[in-house]
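[1] Predicted model and sequence below, questions to follow.
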Amino acid sequence: MSKSALEVLDADEQVQKRAQWEAFEFTVLGDGGVEVVNGSHADADDHTYTVHVVGDIPSDCTCPAWEFQPGACKHMVAVAIRDPVLDAATDAPTARTDGGTAVDVATETDTDTDGDRPDDCDCGDWNHGLDLPCWPCYRDGFETPAGAGGDG
């Protein structure tokens, strides 16, 4: 029998409790990463980090606690204890989570039927020829950057 993600992580009891009760929001980034926003803080933007998931286990985090303290941080534990988030990060790289519920981006986006790009489209030379759309276009369901043919 294999261990659960929480059993694999080396997190103390206080970290586990904080991971349960703090107001986290999650967005699956599609590359095995999960953006974790801690809404418990007055300025949540200053408390937004990325947890990377390898296999079925959160492997690291961009927060200072992960870098400077032993064991898993509360962001890694928060991902590990929320099965829909962990499953989405592991199994569905094109999914994101809203309020802890996994949703498919293709059914949740507001893609214009006439193929117009979002007003905040930022496609351009930033992707160094990797044929990737900017975040606003990806969020709205476009799979290629503007001007690349196909959908816009």
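    Thanks, I have the structure now.
[2] Please enumerate the helices of this structure.
    Along the chain, the stretches classed as helices by DSSP state H are 5-8, 13-21, 64-68, 74-80, 83-91, 105-108, 135-139.
[3] from the middle of its chain, how far away would the fourth one be?
    Pointing back at helix 74-80 there. From the chain centre to the centre of helix 74-80 is a distance of 12 Å (Cα atoms, centre = their mean, to the nearest Å).
[4] just checking, what packs against that helix?
    Contacts defined by 3 or more Cβ pairs under 8 Å, 6 or more residues apart in numbering; DSSP states H and E place helix 74-80 against helix 5-8, helix 13-21, strand 24-28, strand 33-38, strand 48-54, strand 57-61, helix 64-68, helix 83-91. Any C-beta I mention is one placed from the backbone N, CA and C, and that applies to glycine too.
[5] Adding mean pLDDT, distance to residue 116 and mean neighbour count, write the ones you listed out as a markdown table.
    Shown next, in a markdown table, are those (pLDDT from 0 to 100; distance: least, Cβ to Cβ, whole Å; neighbours: other Cβ atoms under 10 Å):
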| stretch | mean pLDDT | distance to residue 116 | mean neighbour count |
| --- | --- | --- | --- |
| helix 5-8 | 83 | 41 | 16 |
| helix 13-21 | 93 | 41 | 14 |
| strand 24-28 | 93 | 24 | 22 |
| strand 33-38 | 93 | 27 | 21 |
| strand 48-54 | 94 | 29 | 20 |
| strand 57-61 | 93 | 37 | 20 |
| helix 64-68 | 90 | 41 | 13 |
| helix 83-91 | 86 | 28 | 20 |
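[6] Determine which of these approaches residue 143 most closely.
    strand 24-28 (16.6 Å; Cβ to Cβ).
[7] Neighbouring strands - and their directions - for the closest one?
    Applying DSSP bridges, strand 24-28 is found paired with strand 33-38 (antiparallel).
[8] What lies in contact with the partner strand?
    22-29, 44-45, 47-53, 58, 61, 75, 78-79, 85, 89, 97 (Cβ atoms under 8 Å, 6 or more residues apart in numbering).
[9] repeat that with 7 Å
    22-29, 44, 47-53, 75, 78-79, 85, 89 (Cβ atoms under 7 Å, 6 or more residues apart in numbering).
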